[in-house]
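>>> sequence plus predicted model, see below.
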Amino acid sequence: MLKYIIKRILWIIPVLLAVAFITFSLMHLVPGGPWDRDKQLAPQVVENLNHKYGLDKPFVVQFKDFLWNTVHGNLGVSYSYQDRGVTNILLEGLPKTATLGIIAFILAILIGIPLGMVAALKQNSAVDYASVLFSTIFASIPGFVLGILLMIVFSVELHWLPTGGWGGIKQIIMPAFALAAMSAAYIARITRASMLEVMHQDYIRTARAKGLSERVILFRHALRNALIPVTTVAGPELAFLVSGSFIIENLFSIPGIGRLFVQGIFARDYGLVMGAILFYALAVALVNLIVDTLYAVVDPRIRYE
Amino acid sequence: MRKIAVSSLFAILVTVILVFTSACGGGGGGDGGGGPEKTVSQVLRVNLAGEPATIDPNKASWAGEYTPVWQVFQGLLGFNQDLTLKAVVAREIPSVANGGISPDGKTYTFKLRPDATWSDGTKVTAKDFEYSIKRLLSPDLAAAYASFYFDIVGAEAYNGAGDKDETTKAQLKNSVGVKALDDLTLQITLAQPRPTFLQLMALWPTYPLREDIITQYGDRWTEPSHYIGNGPFILTDWVHQDHMTFKANPNYWGTKPKLTEIQMKMITDVNAEIAAYRNNELEISRVPTGTEKAIMADPGLSKEILRYPALITFALQFNVTKPPFDNVKVRRALVTAVDRVSFVDKVRNGVGEPALSWIPPGMPGYDPDLGKEYQFNPAKAKQLLAEAGYADVSKLPEIKFQYADSTGNRLIAQFLQGQLKDNLGINLTLDPMEPKAFTTLVNNENYDSAWLGWSADYPDPDNWLPELFGTGAGNNHTGYSNPQFDALAKQAKSELDNTKRLQIWAEAQKIVMADAPIAPVFYREQFVLVKPSVKGLKTTGMDGQIVGDLFLADVYLTE
């Protein structure tokens, strides 16, 4: 098991290198650079900027410089926010994005799994239909529509919650819910489907025949198995939520990195985009590793050598 | 990110929701008036609409960047509300009469007020200005506005020395024509006369800076505790991407501000901004494009509308090097075929002023009689097109209209397409592009026709004509070239008699309008909501990110 994990961690290095190279090339291939503006800068000014940030060097040298600095913990300069380094910007935004993402993830699990379970256990009852209705609605409403609806109800009309910003619990409620809703709906549907399947398995019938209590059947035999598909989807959902959503961060003015990343792409802020992409790649790789490890915990049939 | 595609549908939905909820009452109001003569909080909460890239006065180049600078720093000169110049840190505006400008118009001597201080109590000296201007011109700083000051002796040579060694750079820096003669006298020498130089000295890039602070903290000197200025406010808090807090500067040497605090939030989404306004989190808010008419119809919000002209003109620009736009008659036909009144009404929701000439009202050089021949007239437009040899429009090559894809631009594009189809029978091909790709295409002059907006850096034709219509000028992307215009521009740029100078620019603008490389469409109008409690706002056509932000020190709040 340990050997497997170490092997996986080592594999992350070439993955990150490939991601870095592809992103770097793409950013430089896309038309327009960081200094192209509607009101064009004087040629002398552009020359000075290129010189200052090494953009006048050959592509290969720029990439080499980037790697060298990255290995030394310096992700370089952001061309949009020139007075603050990329490392600094990401470190400041990351905790906020991650906090929001983790709260949203916990919310999604806390809403999704019980809802799916109840729906499966009371199949075709009113509770089941309500659960299906809930998941269908929240799976189809995009986060930003839900976000603005929440804002209109709880801020503009009721004056209960602030419209955005960062700092207090009151400010997290709406963005976390808007972010979690779709994942919660998704998890509820998966849980329901897999729970239904498991409940019809032979070993559940065997357990019942042995005279085990419903509680033991449910939590020891059914739920553990039913959660395998849930674990599979929960991993990418976690990566998605933690890496930040541009729409939600933008709407609720959350000072996180999801917002910066998309703005960085539009601004051709190579430095910021590279930093953010590397972080995303690392986050996805680690989450996948955690999920694969969890399989072994959840399902005794799965073993890694 | 997987949800971006539906954004235009979303815009419609939001409009509907906004109108709907405002029709249901609620909103506005405030939390009920307190007792009489209660002290009113003097905290103004406004939206900067995003994290500024920098608040270093030398480097700032966007509204969102210089709005904070304006609160904390003051220059030798500044603007009055009517955009005329006033002396701020300078004792008086230099002129030939008071000896501040040499008769040849090349040497400027600024006398400083002796009482001006920094927020830490030390005196503002001429050295601080010398340091700032030389830093602005440094190739290592690579400031966007450096090129505005290339008329100063040695400025361009120093700014172009990026690849030179340090000794050469130091020499070039020393030969820049900016010198503090003593603590209160600053002398600037120009290589050639520049009649608008005083206006440039009223802009933020030349505000004084503290060499000791910047040397000590490097790029991080703009963080709150090191951001020492000489203006009415000080920056006390900056949570990146969230908000900035400014407090009244206790050591301010001028008239003390009435506000105790300004909070600038960084809400980028305009729908969220107006929601915050309606939840009483902001005193001033922009409105989402397209909702203006609904707001004007709302009984509550309509009373809080503030409208005033901005010095911004929008136009359709033609690539005159490409057929059929190389033919002046085709251009004139198109300019005549656009119904601007209907444009302002339908595309801009009735906000803005139809434009027939380039320089907007409120600026020296605006000519209300110019462009009358381009008054909307489909019959005349058809005739012009026939004279150009295109009585049969099917003979025209394919004409594309390129634009940066956004909800607002899409509306503009569709309107123009409809106008040319209805009035001339021309099929305009719409070509939406990613914003930067569009900018690059226009800057490289590879487009057919495109949308153009221009805002004032400083209120003078000098900033509006040569840069866009001079042969080969930096922002001339139409490919337009007329030796007559170039000759007049050259003359105007060094004419020291202001009346004569404006006359020459008026002549020059007439030539451009006759040649029609662009079709001015409308002058922008600001349209914002302001809570009734905000008093003393002074708006100008040059406002930055926040209305009246040149004069926030005069604002106060009532119950």
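Ah, there it is.
>>> what does stretch B:378-395 contact?
Stretch B:378-395 is contacted from outside by B:324, B:327, B:329-330, B:332-334, B:336-337, B:396, B:422-426, using C-beta atoms under 8 Å, 6 or more residues apart in numbering or on different chains. Using the backbone N, CA and C atoms, a C-beta is placed for each residue, glycine as well.
>>> so which residues of chain A form helices?
Assigned by DSSP state H, the helices in chain A fall at A:2-29, A:43-52, A:59-71, A:86-121, A:126-140, A:143-151, A:169-199, A:202-209, A:214-216, A:223-242, A:246-251, A:257-266, A:270-298.
>>> let me see the mean pLDDT of the fifth one.
Per-residue confidence for helix A:126-140 averages out to 89 on the pLDDT scale.
>>> related to what we said a few turns ago, the helices of chain A: which one's closest to chain B?
Among the helices of chain A, helix A:43-52 comes nearest to chain B, with 3.8 Å by C-beta to the nearest C-beta.
>>> and the gap between the residue of the stretch 151-300 of chain A found nearest chain B and residue B:476?
Residue of the stretch 151-300 of chain A nearest chain B, by C-beta to the nearest C-beta: residue A:255 (3.3 Å). Distance of residue A:255 to residue B:476, given as C-beta to C-beta, to the nearest Å: 40 Å.
>>> with residue B:559 instead?
Distance from residue B:559 to residue B:476, by C-beta to C-beta: 53 Å.
>>> now do residue B:428
With distances taken as C-beta to C-beta, residue B:428 is found 23 Å from residue B:476.
>>> same thing with residue A:245?
Using C-beta to C-beta, residue A:245 is found at 42 Å from residue B:476.
>>> get me the contact residues on the stretch 401-550 of chain B for chain A.
Residues of the stretch 401-550 of chain B found near chain A (C-beta under 8 Å from any C-beta of the partner chain) are B:434-437, B:439-443, B:453-455, B:474-475.
>>> helices of the stretch 251-400 of chain B, start to end?
With helices called from DSSP state H, counting those that start in this stretch, the stretch 251-400 of chain B shows them at B:270-278, B:292-297, B:328-336, B:340-346, B:378-387.
>>> any regions of chain B where pLDDT drops low?
B:1-38 (pLDDT under 70).
>>> centre-most residue in it?
residue B:455 (4.2 Å; C-alpha atoms, centre = their mean).
>>> so who does the residue nearest to that residue when sequence neighbours are not counted touch?
Excluding the flanking residues, the one nearest residue B:455 by C-beta to C-beta, 6 or more residues apart in numbering or on different chains is residue B:312, at 4.4 Å. Counting by C-beta under 8 Å, 6+ apart, residue B:312 makes contact with B:360, B:453-456, B:523-524.
>>> now swap in residue B:332 and tell me
Contacts of residue B:332 by C-beta under 8 Å, 6+ apart are B:374, B:384, B:516.
>>> can you do 10 Å?
B:373-374, B:380-381, B:384-385, B:387-388, B:513-516, B:519 (C-beta atoms under 10 Å, 6 or more residues apart in numbering or on different chains).
>>> right, and residue B:105 touches residue B:193 too?
Yes. With contact defined as C-beta atoms under 10 Å, residue B:105 and residue B:193 form a contacting pair (3.4 Å).
>>> returning to what we had before: show me which of residue A:245 and residue B:476 is the more surrounded one.
Taking other C-beta atoms under 10 Å in any protein chain shown, residue A:245 and residue B:476 do not tie; residue A:245 has more neighbours (30 against 19).
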